[in-house]
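Trainee: here is a sequence with its predicted model. Questions after.
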Amino acid sequence: MPIYEYHCPRCKVYEIIRGMGAAPAEDTCPTCGQPARRKISAPHVSRTGTAAFQLIDSTTRSASEPDVVSGALPSTGKGAAPVYSTNPLHRKLPRP
Ligand SMILES: [Zn+2]
């Protein structure tokens with residue numbers, strides 16, 4: 001959620017975390033109760049390039065937009081398929 005800054009005429013600037021577009025243009029200062037106006041400031045985008053932010057972003061995005069897998073699963077390096085049964089009749093069963 002974005003952080004919105006408000007400027008109180010008596011105190012100073014304080015920040016409130018609200019939902020996107022849910023911040024009113026005017027708010028009540030939590031310290032003195034005076035009406036405070038919302039400040040327009042530059043967004044803090046310096047964290048977007050960090051590995052931690054990319055991990056959080058990809059985890060959040062994968063909940064609604066899972067990555068598309070176009071190839072086979074990565075092999076385990078053994079080459080042969082694992083043996084699930086030693087019964088020779090199971091080899092005659094239809095394969096998916
Ligand atoms: Zn105040």
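Mentor: Here it is on my side, so go on. Residues are numbered from 1 along each chain as shown.

Trainee: and the protein, which of its residues are near the ion?
Mentor: Residues of the chain that fall close to the ion, judged by Cβ under 5 Å from the ion: C8, R10, C11, C29, T31, C32, Q34. Where C-beta positions appear, they are placed from N, C-alpha and C, glycine not excepted.

Trainee: try it again with 8 Å
Mentor: By the rule Cβ under 8 Å from the ion, the part of the chain lying against the ion is 8-12, 14, 29-34, 36.

Trainee: how about I56, phi and psi?
Mentor: The phi and psi values for I56, taken as degrees, to the nearest 10, are phi -60, psi -40.

Trainee: and it, what pLDDT?
Mentor: I56 carries a pLDDT score of 88 in this model.

Trainee: look up how far the ion lies from the most centrally placed residue in the chain.
Mentor: Centroid check for the chain by Cα atoms, centre = their mean gives T60 as the closest residue, at 3.0 Å. Distance, T60 to the ion, by Cβ to the ion, to the nearest Å: 34 Å.
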